[in-house]
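**Student:** generate coordinates for the sequence data below:
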Amino acid sequence: MKWGAWAGGLVLLSVCLCIVGLAVGSTGWAPPWQSQNEPLTWQIAWEIRAPRCVGAWLAGALLALSGAIAQGLFRNPLADPYLLGSSSGAALGVACFLTFVGGGPAAANLLIRMGLTGAAFLGAVLAVLLTLVLSKGVQHTLRLLLAGVVVGVVLGALTALAMLMEPDIMRAMQAFMLGTTGFLGWDSVMILWPVLLVSLLVAWGCSRALDALSLGQAAALSLGVRLGWVRVMLVVALALATGTAVAQAGLISFVGLVAPHLVRSRVQSTQGPRLVLSTLAGGILLLCADILARWAWAPLELPVGLLTAVLGGGYLLWRMHRMGGCHE
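**Tutor:** Next comes the predicted model:
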């Protein structure tokens, strides 16, 4: 099957899931077209459920695109969007901001509406910049990878220290680190979709260079690829996409890792189509997790990041078991 057919199928599935998402509320299955108070229910669906569904899809698409970029850039199927320390930087930014403002309910509400997303985005971007400084640029991918690991460990330790010194912020930090789509609104959608469009266009423009890079650095250079420029563009796209998704939805794990794996297992293609299909698959994965988080234990809502971790980790374990069985 050609990749265009796969893309069309994934778009159709995304639309269907959005319709299902409109029918799932805080009490479980509650479609607005079956409500006795239909005008009010449609208003709730449009102002709360619809932006949450679209925002969850966009955040998942950004994480999956970042994961596909990272796996192509580092030529490592285990690379994920948080490889350059962006997740630890975002968590530290939120922890510092919470410590400065305070952890009370009024402060938390202020953070959610005004400062939390900015602190997370700034922390993620600064962490990536620190990684670039420590690796002395993007010329050596192994050095960049190691610097990202070091930055992630150090900033993670500083985040734990901030939480230890200010216990009042632990509950708010837990919500951020488990990931949540509950605060996504139309304002979040208006931030997410332009970033997704720009990041996808940049990644698509570098897709041929990624194809050449998959043959090895020497082969890419012999084909005339300007590796330094390509790496800079891809790292910028990766940092922008990851920072934006984390700032809006918190630390949601495994989506950026699993989505490219799912695409590779089903579709054999070059990097360009793979980036597009991974983006669509990531949006579907997070939207499914969001619907399940609202529906499975209603009226209680599960942390969406918890579901993605359990389901994504289970899928990867299944893949490992299946691959191990094939080699026996």
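**Student:** so for this protein, which residue is the most central one in space?
**Tutor:** Leu63 (2.6 Å; C-alpha atoms, centre = their mean).
**Student:** measure that residue to Pro299 for me?
**Tutor:** 28 Å (C-beta to C-beta, to the nearest Å). The C-beta positions use only the backbone N, C-alpha and C, and glycine is treated the same way.
**Student:** next: Ala245.
**Tutor:** 27 Å.
**Student:** repeat that for Gly313.
**Tutor:** Between Gly313 and Pro299 the computed distance is 27 Å (C-beta to C-beta).
**Student:** who's more crowded, the two?
**Tutor:** Under the criterion of other C-beta atoms under 10 Å, the comparison of Gly313 against Pro299 puts Gly313 first, with 14 against 9.
**Student:** hmm, Phe254 and the more buried one touching each other?
**Tutor:** Yes: at 6.4 Å, Gly313 counts as touching Phe254 under the criterion of C-beta atoms under 8 Å.
**Student:** quick check: next helix or strand after the helix or strand of the chain with the lowest mean pLDDT?
**Tutor:** When the helices and strands of the chain are scored by mean pLDDT, DSSP states H and E, helix 105-110 comes last with a mean of 48. Per DSSP states H and E, the first helix or strand lying C-terminal to helix 105-110 is helix 116-134.
**Student:** quick one: contacts for the residue lying closest to Gly60 once chain neighbours are set aside?
**Tutor:** Distance criterion C-beta to C-beta, 6 or more residues apart in numbering; nearest residue to Gly60, sequence neighbours excluded, is Leu286 at 2.7 Å. Contacts for Leu286 were tallied using C-beta atoms under 8 Å, 6 or more residues apart in numbering; they are 56-57, 59-61, 63, 181, 249, 252, 255, 304, 308.
**Student:** next: Leu132.
**Tutor:** Applying C-beta under 8 Å, 6+ apart, we find Leu132 in contact with 138, 144, 147, 235.
**Student:** mind running it again at 6 Å?
**Tutor:** Not one residue lies near Leu132 by C-beta atoms under 6 Å, 6 or more residues apart in numbering.
**Student:** fine, thanks again, bye for now.
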